[in-house]
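Novice: starting from these lines, generate the structure:
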Amino acid sequence: MNATAESIASDILITGDTGFVGRRALAAWPTAYGLSSLTGGADIRDKKALVKCLSERPPAAVLHLAALSFVPDSFDSPETTFEVNFLGTLRLLEALAETGFTGRFLFVGTGDAYGVVAPEALPIHEGLPLRPRNPYAVSKAAAEALCYQWSQTGPFKIVMVRPFNHIGAGQATTFAISNFAHQLAEISTGLRPPILHTGNIDITRDFTDVADVLSAYALLLASGHSGEVYNVCSGIERSVRSLLERLIDISNVGAKVTTDPSRFRPAEQPRVCASYEKLSRHTGWHPKVPIDETLFNLYRYWEHEIGK
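Specialist: Numbers count the residues shown, from 1 in each chain. Got it, this is the predicted structure:
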């Protein structure tokens, strides 16, 4: 089952609308508008500014994406990460309540909050305990708990999601798969020598195309159960190495792969695979975009951008 923003509400506010997923949501959903587009915008931590923006154009639904999400930076600035991701969520909830919001609020957390899950417990389901191992995941787990509390005591419906790795054209090069595609596009055009730098590519992850992620968000904004949390994932465990090898095939570039220790992350999870059974049961959602199509579009995006 698919859903579009038109079937959700006439005015969908997207926070974090200048980020990867936010930009894609604005492009896909004609009825959506970004927080940054309102007069003066608003720092997500500034309740007064948020109230002003929300009063200017009251939303019928909210997709809350705004966050500091780059894990390595969260180790360098854990306090700022917590301020934006947790306190920013609190200020937004307070501002919505103050301006009379009665729609559905979708909080975007992270599958990273589960931490390391034993192989015998895979695939990851929503009933597993949260054991976050980095400041970003800690801040998101805390904000999710806050949203659950508000769903029980607050004046509007709140649904929570834990997305796993999502990829697609336009994603920043701070994320591994997009970075590989960018490097290969540069090698293809002669902008760099045929040496591809990677971190740990023998870990596994659960990758989903951003278009499928947005389809899940649309369905949950329309009919997600308030107070419930949903995994958004493909249900398929793939090694980072396998995606890199496929990108090399797509690019038709001969490149030597070299490991760069500076790209390794502390507290790295060795294996990740999750279940979207609950999401499918409640909404009918399932992922549709084949991984090869995702990788092809990602590589072509960087090929086009570099060729400008």
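
Novice: can you tell me the SS state at residue 48?
Specialist: helix (DSSP: H, G, I helix; E, B strand; the rest coil).

Novice: any idea how far residue 246 lies from residue 131?
Specialist: Residue 246 is 31 Å from residue 131, where distance means CB to CB, to the nearest Å. To be clear about C-beta, it is placed using only N, CA and C from the backbone, and glycine gets the same treatment.

Novice: with residue 139 instead?
Specialist: Residue 139 is 15 Å from residue 131, by CB to CB.

Novice: what about these two, which has more around it?
Specialist: residue 139 (30 against 12; other CB atoms under 10 Å).

Novice: can you verify my assumption that that one contacts residue 87?
Specialist: No: Residue 139 lies out of contact with residue 87 (CB atoms under 8 Å); the separation is 9.3 Å.

Novice: which other residues reach the helix or strand bottoming out on mean pLDDT in the chain?
Specialist: Lowest by mean pLDDT, DSSP states H and E among the helices and strands of the chain is helix 71-76, with a mean of 92. Applying CB atoms under 8 Å, 6 or more residues apart in numbering, the contact partners of helix 71-76 are 68, 81, 112, 134-137, 139, 265-266.

Novice: quick one, which of these are buried?
Specialist: 68, 81, 112, 134-137, 139 (16 or more other CB atoms under 10 Å).

Novice: from the residues you listed, pick the one nearest residue 275.
Specialist: Checking those against residue 275 with CB to CB, the nearest one is residue 112 at 16.1 Å.

Novice: could you pull out the helices in the protein for me?
Specialist: Ranges of helices within the chain are 20-28, 47-56, 71-76, 78-82, 88-98, 135-153, 176-188, 210-223, 240-251, 277-283, 291-307, based on DSSP state H.

Novice: which of those helices sits closest to residue 159?
Specialist: helix 210-223 (5.1 Å).

Novice: report the buried residues of that closest one.
Specialist: 210-222.

Novice: quick one: low-confidence ranges for the stretch 151-300 of the chain?
Specialist: 267 (pLDDT under 70).

Novice: ok so, going back, mind putting the buried ones among the contacts of helix 71-76 into a markdown table with pLDDT and distance to residue 36?
Specialist: As requested, these are exported to a markdown table (pLDDT from 0 to 100; distance: CB to CB, whole Å):
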| residue | pLDDT | distance to residue 36 |
| --- | --- | --- |
| 68 | 95 | 16 |
| 81 | 98 | 20 |
| 112 | 95 | 25 |
| 134 | 94 | 27 |
| 135 | 96 | 25 |
| 136 | 97 | 22 |
| 137 | 97 | 25 |
| 139 | 98 | 21 |
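
Novice: so how far is residue 228 from residue 71?
Specialist: Relative to residue 228, and taking CB to CB, residue 71 is found at 26 Å.
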